[in-house]
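J.: Requesting a structural model of the entry that follows:
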Amino acid sequence: QVQLVESGGGLVQAGGSLRLSCAASGGTFTALDMGWFRQAPGKEREIVAAVRGSGGGRTYYADSVKGRFTISRDDAKNTVQLQMNSLKPEDTAVYYCAAARGGIGLPIAAPQYRSWGQGTQVTVSS
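T.: Coordinates of the predicted model:
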């Protein structure tokens, strides 16, 4: 079982930036596809970004964050990051790191991910 621990959330003004980090342990990190999801109060959990493992490097971004967020991974450190720029109040949510075993295609749906972090709160004030 893969354990995931997020860090880097906080309170920021609109237009600001935050960088989330997720540290993984207990699995073969390089083989894992990694994703960032978020859940706002009263809303369903949604994909933010994902990155392929096994050296593929392919990425996916939700339309709402394209051009503002960047997902990256450091296989030497077993970490995945989410750089968030030009933050908007609607980005306010609990952000979760998730891991999926590599398969066909890059997973972008929550049920495809087996391991989840505890979440970190991101609050963007207007």
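
J.: Mind giving me the packing neighbours of the helix or strand hosting Tyr96?
T.: Here Tyr96 sits within strand 93-101, counting by DSSP states H and E. Here strand 93-101 touches strand 3-7, strand 18-25, strand 32-39, strand 115-116, strand 120-125, going by 3 or more C-beta pairs under 8 Å, 6 or more residues apart in numbering; DSSP states H and E. Using the backbone N, CA and C atoms, a C-beta is placed for each residue, glycine as well.

J.: Could you identify which of these is most buried?
T.: Highest mean neighbour count among the helices and strands packed on strand 93-101 (mean count of other C-beta atoms under 10 Å): strand 32-39, with a mean of 25.

J.: List the contacts of that strand.
T.: Contacts to strand 32-39, defined as C-beta atoms under 8 Å, 6 or more residues apart in numbering, come from residues 2, 20, 22, 24, 45-53, 71, 73, 80, 82, 91, 93-103, 106-108, 110, 113, 119, 122.

J.: Now that we have these, which of them are buried?
T.: 2, 20, 22, 24, 45, 47-53, 71, 73, 80, 82, 91, 93-102, 106-108, 110, 113, 119, 122 (16 or more other C-beta atoms under 10 Å).

J.: circling back: the strand holding Tyr96: partners in the sheet, and parallel or antiparallel?
T.: strand 32-39 (antiparallel), strand 115-116 (antiparallel), strand 120-125 (antiparallel) (DSSP bridges).

J.: what comes into contact with the last one?
T.: I take that to be strand 120-125. Contacts for strand 120-125 (C-beta under 8 Å, 6+ apart): 6-14, 16, 18, 20, 38, 84, 87-95.

J.: now with 6 Å?
T.: Glu6, Gly9, Leu11, Val12, Gln13, Ala14, Leu87, Pro89, Asp91, Thr92, Val94, Tyr95 (C-beta atoms under 6 Å, 6 or more residues apart in numbering).
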